[in-house]
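1. have a look at this prediction, sequence included:
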Amino acid sequence: MADPAATSIVIPAFNEATSIASVVGDLRSAGSWHEILVVDDGSTDETSARASAGGARVIRHPYNKGNGAAVKTGIRHATGAYVLIVDADGQHRPSDAVRLVAQLHDYDLVVGARSTESHANAVRRLGNSILNWIASYLTEQPIPDLTSGFRAARREQLVEFLHLLPNGFSTPTTTTLVFIKAGYSVRFEEVEAAQRQGTSKIRLGSDGVSFLLILLKVITIFSPLRIFLPISAAAFLLGAAYAVWTIVTQSHVTNSSVLLILLSVVIFLVGLVSEQISSLRFEGRR
C-alpha cells in the first residue's frame, strides 16, 4: 500500500483565502503526509498567508498563469514518490485523499470520480456526461469522470507527461487520457464532492470547448485513427451513396461523389501515417 508519508500533496490555488486554511488543516489531520504544497497562482487576496499559517509550504507565482501551470509547478517541486492533487475550494474529503493514495500500490493513477449528485447543476452534469462519452469512445475505456481535479499518481509518471499538460483547466483531462493511452493502470474511485467554497473559475462555454480540443489533441497524439477513421468512413459513405443516387436518377456519377470518395482515401492515409508516427514516439519510452 502506498504510504501517505511518501506522498506530496499539491494544491493549486487562486484567490481561495476563504477555504485554503481549512483545506490544509483537514488534510494535515487526515494523515502524516510527506509535505503539503500550496501553489499560489498570483492571488490578490490572503491565500498565501493563510496557507502558510495552516502549515503548508507555499510556492507563489508572480502573476496568474492558470490552474495547469500551478499543478506543473507543484509537481516539479514535489519530493515525494507519489503526488496527490487536491482542489483548494474545499470540495474534497480528507478521508477520500487517504483512500486514493492507498491504491497507488496497484495503480499508476487514481482519479476521484465524482458521483452524479456531486455535480453543481444539470447543465454541468450534461456537459460532463458528453465529455465522458467522447473520451470513453476515443480511449476505448469507460471514463466516469474526465474533469475531476482530485487525483493521485506516481510522480515519475506525471513528470514523464509534464510537457503535454496545458496551463489552463484541462490538466485533469490530459493526465487521464495520456495515462490510459500510454498503457498505465488507471482507476476511477467514486467520491462525494461537497459544495465548493467561493466562486468557480471554470467557464462552461470557453472551457468546455478547451476540454474538447484537448480530447482531440491528446488522442491525435496517441491514437489518431480513432479520429481519422470515422471521418474517412463518413466521407466515403456519403460519396458512395450520392454516386448511387445520381446513377439511378441521372445515369452518371458526379464530380462531387468522386471528390468525396477521394477525400475519404486521403483522410484515411493521413490517419494511417499519423498512427505510424504515434507508434514511433513510444519506441524509446522506458
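-> Now that the structure is in, tell me what you want to look at. Residues are numbered from 1 along each chain as shown.
2. okay, CA-based contacts and neighbour counts for the rest of this
-> Fine.
3. quick check, pLDDT for residue 237.
-> Looking at residue 237, its pLDDT reads 95.
4. so it sits in a strand?
-> No: applying DSSP: H, G, I helix; E, B strand; the rest coil, one finds residue 237 to be helix, outside a strand.
5. how near is it to residue 154?
-> Using Cα to Cα, to the nearest Å, residue 237 is found at 45 Å from residue 154.
6. all helices of this protein, in order?
-> Ranges of helices in the chain, per DSSP state H, are 20-30, 47-53, 67-77, 94-102, 122-139, 155-160, 171-181, 204-222, 225-250, 255-281.
7. contacts only, for residue 43.
-> Applying Cα atoms under 8 Å, 6 or more residues apart in numbering to residue 43 gives the contacts 13-16, 63-64.
8. make it 7 Å
-> 14-15 (Cα atoms under 7 Å, 6 or more residues apart in numbering).
9. tally of neighbours for residue 239?
-> 23 (other Cα atoms under 10 Å).
10. so it makes contact with residue 264?
-> No: using Cα atoms under 7 Å, residue 239 makes no contact with residue 264, being 8.7 Å away.
11. that older thread, residue 237 and residue 154 - which one has more neighbours?
-> residue 154 (21 against 15).
12. quick check: that one vs residue 22, distance?
-> Residue 154 is 26 Å from residue 22, by Cα to Cα.
13. could you do residue 105 as well?
-> With Cα to Cα as the criterion, residue 105 and residue 22 are 29 Å apart.
14. and if you look at residue 56?
-> 11 Å.
15. more crowded one of these two?
-> A direct count of neighbours by other Cα under 10 Å for residue 56 and residue 22 places residue 56 higher, at 24 against 17.
16. burial of residue 273, as a residue count?
-> 13.
17. any weak-confidence spans in the stretch 1-150 of the chain?
-> 1, 116-125, 127 (pLDDT under 70).
18. nearest to residue 40, out of the helices of the chain?
-> Proximity to residue 40, assessed across the helices of the chain by Cα to Cα, is greatest for helix 47-53 (6.1 Å).
19. which positions within the closest one qualify as buried?
-> 47-48, 50-52 (16 or more other Cα atoms under 10 Å).
20. show me what that helix is packed up against.
-> Contacts defined by 3 or more Cα pairs under 7 Å, 6 or more residues apart in numbering; DSSP states H and E place helix 47-53 against helix 20-30, strand 35-40, strand 57-60.
21. contacting residues around it?
-> 15-17, 20-21, 24, 38, 40, 58.
22. what is the neighbour count of the closest residue to residue 226 other than its chain neighbours?
-> Nearest non-adjacent residue to residue 226, counting by Cα to Cα, 6 or more residues apart in numbering: residue 138, 6.0 Å away. As a burial measure, residue 138 scores 22 neighbours (other Cα under 10 Å).
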